[in-house]
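Visitor: need the 3D shape of this:
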Amino acid sequence: MNTPIKTHDIRKVAVLGSGVMGSAIACHLAQTGSEVLLLDLPSKEGPRNAPAEGALKASLKSKPAPLYSKRFTNRIECGNFDDDLEKISSCDWIIEVIVERLDIKQQLFERVEAFRKPGTLISSNTSGIPISQLSEGRSEDFQKHFCGTHFFNPPRYLQLLEIIPGPKTEQRVIDFFMEYGESILGKQSVLCKDTPAFIANRVGVFAIQALFHTVEDMGLSVDQVDKLTGPAMGRPKSATFRTCDVVGLDTLVHVANGVASNCPNDERSESFAIPKYVQHLVDKNWLGSKSGQGFYKKSKDDKGKRKILVFDLKTLEYREKEKVKYATLEAAKQVDDLQDRTKLLFNGTDEAGDFYRRIFTDVFSYVSYRIPEISDEIYRIDDALRAGFGWELGAFESWDAIGIQAASEIAKERGHQVAGWVNDMLESGYDTFYRVTGGVRECYDPSSKTYKVIPGQEGRINLAYVDNVVWSNSGTTIKDIGDEILNIEFHTKMNSIGAEVLQGLNKAIDLAEEGYRGLVVSNNGANFSAGANVGMIFMLAVEQEWEELDAAVKYFQDTMMRMRYSGIPVIAAPHNMALGGGCELCLHADKVIAHAETYMGLVEFGIGVIPAGGGTKEFVLRLSDSLKEGDIRINAMRESFLTIGQAKVATSAYEAFELGYLVDGVDEVCVNRRDLVSRSKAAAIQMADSGYTRPIERKDITVLGAEGMGIVYAGANAMAVGKYISEHDKLISEKLGRVMCGGDLTAKQEVSEQYLLSLERRAFVELCTERKTLERMQSLIQKGKILRN
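Guide: I've put the predicted structure just below:
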C-alpha cells in the first residue's frame, strides 16, 4: 500500500518509557493534539502505574515547563507494560523511549508485536543505536513502518527532530514523519542516515570534544571559554561548559565513546578521547545539573548569599569566577550582524582570535568529511546544529560568513585538510555554500556540483529572503510579501518601540490603505518586541519634559488606535517576548497569529508605571465585553487588575489566552515559527476577501466607578500594611485601579475608549514624576534588573 499517510491520521500515540525524555515527549505530543498512552514498568509495590504516574508528575514540576498549559495533561493516560500493553492496539503511532540498551529495546519490541495492529507506525527515540539493529528479527510489516524519531531534550523547546529510516522503512512513512514533525509538532525535521550518533550529536559532540582539547592546549579556563562561546558567536547563553552541565557529562561521554568505538575510520577519532579533567568530574560523579555540580557549582558566601563557583581545569578544584576581557570580544560588541561578527572573531589578533580560528577550522574540516557519510546534503547538517544545539549559524553558514577559501587555508596550516569536494567547488568558481535567488534559498550540492533549491520553502515566507522593500527608516522595514499584503518588521535593539517604529507603523498603514489589502506585523528578531523605549521615557522624565512625554505617549496610543480602526486588516505575528508595548500592539491588531512559544505580558508595573499604550484600556474593554447581566463584575475586574498589577507574563501562547492577552475564537496559535508570516498573510487575505470593514470606535465600555475603586484601595492598603507590597507599589496600584474603574465616576457607567486612554496617559505621566519610578527605570536600563523599591 502506497497511500500517503495524513497528519490527521494520528489521533492516539503510545509512549513506551516514562523517564525524563519519555514524559517530556508525552507532554509535547499531548499539547500538539494527540491522546497519549504513557507506559512503563509496573511498580513492585503499591499502585501498579506508580512509575509512569510519578514520572509524569515530576516532569510537570520541572523547569522549564514541558507543557504550554497544564490543561493538556488531561490527554495523557498512564499505565504499565504488564497490564496495559494491549492498549497499543488502538494507537496510531508507538514510540519507544526506554533505556539505551539494544537487548532491552529488542525485548520490548517483541512484546509490542503481539498487540500492535498491522500498519501502525512505530519508532524509537534512540540517540545512537543503529535503526537496522533495532528492527532485526521483527515482522515485515513492523520493519516497513519502523524508523528512528530522535527528539532533543527538552522536546518542547529544542526544535530538532531527527528522522532515521531503517533498511526496509517505506518512503511514505519517512515522508509522513518529516511533514508531521514540521506541521504538527513544530519541529525542524532533519532526515538522517543510519550512522553513529546520526547528525546533530555526531557533529555537535565533536565540536565540544575538539574544543575540550583546544582548551587544554591553550591553557584556557572555564570562565574564558564560556565567555567566548556564548552569544558573541551566536550560541546559547549556556555556551559550552554550562551546556555540558545541563546535558550531563555522563551523557556527553557516552556519545563521545560511542562515536570513537563505532567510527574507526573517522579521521578525527582522537578528538573523541575524553580529557583528564572531564574524566575526573565523571569519576567524582560531578555530572552537572543532575548531580548538583559539574563545571559549575552553586555555593553560598559567609553571609549566606548565593554564588556560583567554577571548576578549575588545572587544579581540579572549585574557585570563584573571574572577569574575562578580550579586545576581540570588545570589538564584536559593536557588530550586530552575526555573519559580520563571526568574520571579525575569526580574524581577531589576540588569544581570543587564535581560539576562534582553532575551533572554527576544526569544525569546518570535520563537517566537510561528513559529506556524504552522514548526509548527502550540506543544509541538513546546518539545520541539525541550529535546531538541536541552538547555533544561530550552522557550520557551513559560519564557513560562508568567514570565507571558504580563507578559512580552508587556515585549516590546512593547522594540519586539518578539507574534503576534496570543497576544493572542487572553489575551483569551479563557486565561493559560497548558500545563495538566495529570487527570494528562494539554494545550497551547493556536492554530488551534482551545482546549487539546488532547499526543500520545505514552498508556501513559507522568510523575511530575510524577501527583497521587495517598499519603504524603510532606521527602525523598520516595510516589504511587499505578495498578493497585495505588506509586512512591517522592526530592527531596533530588542525590537523596542520608539518614535521610529511608530512612524513606520503609521507609514505601513498609509501604504496599505492606499494600494494593498492587508498588513502583517512580524519580524525575524530574537524577540517580537520587548516593549516601549524605556530609555527615551526615562530621559524625558529626568529632564521633566512633561508635555513632550505626554505627546510621546499619545503618539503611541494614537498609532495603536489607528491600527485598530484602519481600513485594512492588521495581523500581528508575535514570537518569544511580546512585552509591554509589544503586547499592546498585539492587543490592537485585528487578529494575532502567535507562535506557541510567545511570552506575552503587560509588565510596565515593574518599572513603576502602568500600561499606557492602550493596554489598560483594552483590558477594561475586554472585561466589559466578557460579562453578562448578573455576573459579579468586581470579581472579574479583580482578575484583570491582578494580571496587570502583578505583571503576569504568559509562558506560552496558550497561557496568553488564559490571561486575557489573546482572544478565543479570534486569535490563533502557530506551532512552527517558520510558518508565522505565511499563516498571518493568509489570515489577512481571508479577512480582506470576506469584506473587511473599518470597525467603529467604542463608546460603550462599562466601568465600575467608585464601587470598584473602594475595592482596589482597600486591597492595596491591606497588601501594603502586610508588607506584601511597597508604598510605591501601592501608589501604582491605586493609579491602575483608578483608570480601570473610570476615574472620578461615582457609579457604574459607560465610557469611551478615548476617555480611558486619557486616564491611562495622565496616570503614566504622573507616575513618571515619582523618584522611585525613575529608580526602577534606571535599574532596568543600567543593570537589566527589576528593582522593587
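Visitor: can you give me the neighbour number for residue 697?
Guide: Residue 697: 11 surrounding residues under other CB atoms under 10 Å. The way it works is simple: take the backbone N, C-alpha and C, and place the C-beta from them, glycine included.
Visitor: same thing with the one 10 residues further on?
Guide: A count of neighbours around residue 707, defined by other CB under 10 Å, yields 16.
Visitor: do the same with residue 329
Guide: 18.
Visitor: give me the pLDDT for it.
Guide: The pLDDT attached to residue 329 in the predicted structure is 96.
Visitor: residue 8 too?
Guide: The pLDDT attached to residue 8 in the predicted structure is 83.
Visitor: same question, residue 302
Guide: According to the prediction, residue 302 has pLDDT 79.
Visitor: tell me the secondary structure at it.
Guide: Secondary structure state of residue 302, per DSSP: H, G, I helix; E, B strand; the rest coil, is coil.
Visitor: ramachandran coordinates for it?
Guide: In this entry, residue 302 is assigned phi and psi values of phi -60, psi -30 (degrees, to the nearest 10).
Visitor: and if you look at residue 591?
Guide: Here the main-chain torsion angles of residue 591 (degrees, to the nearest 10) amount to phi -160, psi 150.
Visitor: what about it, neighbour count?
Guide: Under the neighbour criterion other CB under 10 Å, residue 591 is assigned a count of 20.
Visitor: could you pull out the strands for the stretch 201-350 of the chain?
Guide: Secondary structure of the stretch 201-350 of the chain (DSSP state E, counting those that start in this stretch): strands located at 296-300, 306-311, 318-320.
Visitor: my error: substitute the stretch 551-700 of the chain in the last question.
Guide: With DSSP E, counting those that start in this stretch as the criterion, the stretch 551-700 of the chain has strands at 570-572, 576-579, 591-595, 598-601, 668-670.
Visitor: including distance to residue 755, could those go into a markdown table?
Guide: Below are the strands of the stretch 551-700 of the chain laid out as a markdown table (distance: least, CB to CB, whole Å):
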| stretch | distance to residue 755 |
| --- | --- |
| strand 570-572 | 23 |
| strand 576-579 | 26 |
| strand 591-595 | 25 |
| strand 598-601 | 25 |
| strand 668-670 | 31 |
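Visitor: out of these, which gets nearest to residue 119?
Guide: If you check each of the strands of the stretch 551-700 of the chain against residue 119 by CB to CB, strand 668-670 wins as the nearest, at 30.6 Å.
Visitor: adjacent strands (with direction) for that closest one?
Guide: If you go by DSSP bridges, strand 668-670 pairs up with strand 591-595 (parallel).
Visitor: just the CA trace of the strand it pairs with, in PDB.
Guide: Included here for strand 591-595 are C-alpha records, laid out as PDB according to Å, rounded to 0.1, in the frame of the first residue of the first chain:
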ATOM      1  CA  LYS A 591      -6.000  39.200  14.700                       C
ATOM      2  CA  VAL A 592      -3.000  37.600  16.400                       C
ATOM      3  CA  ILE A 593      -1.200  34.500  15.000                       C
ATOM      4  CA  ALA A 594       1.100  33.800  17.900                       C
ATOM      5  CA  HIS A 595       3.900  31.300  17.900                       C
END
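Visitor: now that strand, how far from the centre of its chain.
Guide: Taking CA atoms, centre = their mean, to the nearest Å, one finds the center of strand 591-595 at 15 Å from the center of the full chain.
Visitor: and if you look at stretch 50-66?
Guide: From the chain centre to the centre of stretch 50-66 is a distance of 21 Å (CA atoms, centre = their mean).
Visitor: buried set for that stretch?
Guide: Going by neighbour count (16 or more other CB atoms under 10 Å), the buried part of stretch 50-66 is 50-56, 59, 65-66.
Visitor: one step back: could the strands of the stretch 201-350 of the chain go into TSV alongside distance to residue 781 and mean neighbour count?
Guide: Shown next, in TSV, are those (distance: least, CB to CB, whole Å; neighbours: other CB atoms under 10 Å):
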stretch	distance to residue 781	mean neighbour count
strand 296-300	29	14
strand 306-311	25	14
strand 318-320	28	14
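Visitor: in terms of secondary structure, what does the host helix or strand of residue 147 contact?
Guide: With elements taken from DSSP states H and E, the one containing residue 147 is strand 146-151. Packed against strand 146-151 by the contact rule (3 or more CB pairs under 8 Å, 6 or more residues apart in numbering; DSSP states H and E) you find helix 20-31, strand 121-124, helix 131-134, strand 160-165, helix 171-183.
Visitor: follow-up on the earlier one: tabulate the strands of the stretch 201-350 of the chain (TSV), appending distance to residue 221.
Guide: Listed next are these as TSV, based on distance: least, CB to CB, whole Å:
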stretch	distance to residue 221
strand 296-300	12
strand 306-311	7
strand 318-320	9
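Visitor: now do the helices in the stretch 401-550 of the chain.
Guide: According to DSSP state H, counting those that start in this stretch, the stretch 401-550 of the chain carries its helices in the segments 404-413, 420-427, 499-515, 534-542, 546-564.
Visitor: ok so, going back, which of the strands of the stretch 551-700 of the chain sits closest to residue 615?
Guide: With CB to CB, the closest approach to residue 615 among these belongs to strand 598-601: 9.8 Å.
Visitor: any idea of the mean pLDDT for the closest one?
Guide: Confidence over strand 598-601, taken as the mean pLDDT, stands at 98.
Visitor: which ones among the buried residues of stretch 50-66 map onto helices?
Guide: Taking DSSP state H as the definition of helices, those contribute 50-56, 59.
Visitor: where does this structure dip in pLDDT?
Guide: By pLDDT under 70, the weakly predicted segments of the chain are 1, 630-632.
Visitor: could you chop it up by domain?
Guide: Per automatic domain parsing, the domain ranges recorded for the chain read 7-191, 195-324, 325-419, 467-603+649-695.
Visitor: tabulate those in JSON lines, adding columns for distance to residue 461.
Guide: Formatted as JSON lines, the entries for the domains of the chain read as follows, by distance: least, CB to CB, whole Å:
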{"stretch": "domain 7-191", "distance to residue 461": "15"}
{"stretch": "domain 195-324", "distance to residue 461": "23"}
{"stretch": "domain 325-419", "distance to residue 461": "18"}
{"stretch": "domain 467-603+649-695", "distance to residue 461": "4"}
